[in-house]
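> Below are the sequence and a predicted model; questions follow.
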Amino acid sequence: LGYGAILSNDGPMGNKVSHCFPLSGSWDTANLAGVQGILHAYNKILPVIKLAGPTMFSPLIKCTAKHVRAQMAAAAPGSQKYTILLIITDGAIMDLPATISEIVKATELPLSIVIIGVGNADFSTMEMLDGDRNSLTCEETGITAQRDIVQFVEFQKYTGLSSGPRLACDVLAEIPDQVVKYFMGNNQPPNASEPVPPPPAA
């Protein structure tokens with residue numbers, strides 16, 4: 001998914017900023033296969049959009065949560081699917097209360113959110129979304145997040161040839177615990193792992 005852009009093929013709404021749209025250009029083909037599929041769609045759509053603010057996360061999180069709920073409804077009994085939403089941003093968000101509200105609602109779902117901040121913007125609000133110190137609470141409803149599902153990493157802090165593995169480690173650092181807390185909190189112990197097939201004979 002993409003966000004924060006004016007779509008040139010958006011008809012009479014072409015001057016309106018879209019805060020959630022399929023990189024493929026169509027919701028019918030929104031699912032992309034692997035990193036190469038994402039890069040191909042990104043390179044294809046970039047020339048026909050205009051990046052624009054303000055930066056808003058709540059529509060993107062709401063759309064992802066809707067997708068996760070649909071997956072859960074269609075899943076077979078005992079299925080243990082878990083979704084990770086990766087958001088790459090170069091600016092501070094302008095819809096903080098709405099974003100917190102969507103995150104709080106999403107904490108009941110098999111979903112984690114990883115945010116990577118690039119550039120020199122003020123990312124203090126991102127640190128707030130990362131509930132390591134204090135649980136997020138929705139101002140409107142007073143409901144507190146069931147668990148921490150957000151991890152924020154500032155890309156600028158990772159420089160040099162050896163920074164790649166450290167960046168990957170920090171990006172994924174909280175995911176295992178978040179996955180375990182979700183399934184154990186819903187009385188779903190891990191399914192038995194499938195046996196690893198033997199290597200092919202030489």
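All right, it came through fine. Numbers count the residues shown, from 1 in each chain.

> What segments of this structure are helices?
34-45, 58-74, 96-106, 124-129, 163-172, 175-185 (DSSP state H).

> which of those helices sits most buried?
helix 96-106 (a mean of 20; mean count of other C-beta atoms under 10 Å). Where C-beta positions appear, they are placed from N, C-alpha and C, glycine not excepted.

> dump the residue contacts of the residue nearest the centre of the chain.
Centroid-nearest residue in the chain, with C-alpha atoms, centre = their mean: Leu85, separated by 1.8 Å. Going by C-beta atoms under 8 Å, 6 or more residues apart in numbering, Leu85 touches 60-61, 64, 111-114.

> Reformat these as a markdown table; add distance to Pro176 and pLDDT.
Shown next, in a markdown table, are those (distance: C-beta to C-beta, whole Å; pLDDT from 0 to 100):
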| residue | distance to Pro176 | pLDDT |
| --- | --- | --- |
| Leu60 | 24 | 91 |
| Ile61 | 21 | 94 |
| Thr64 | 20 | 92 |
| Leu111 | 15 | 94 |
| Ser112 | 10 | 95 |
| Ile113 | 15 | 93 |
| Val114 | 13 | 92 |
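
> any idea of the mean pLDDT for stretch 191-202?
Averaged over stretch 191-202, pLDDT sits at 70.

> brain fart, stretch 140-158
On average, stretch 140-158 scores 87.

> In terms of mean pLDDT, which of the helices of the chain ranks lowest?
helix 124-129 (a mean of 80).
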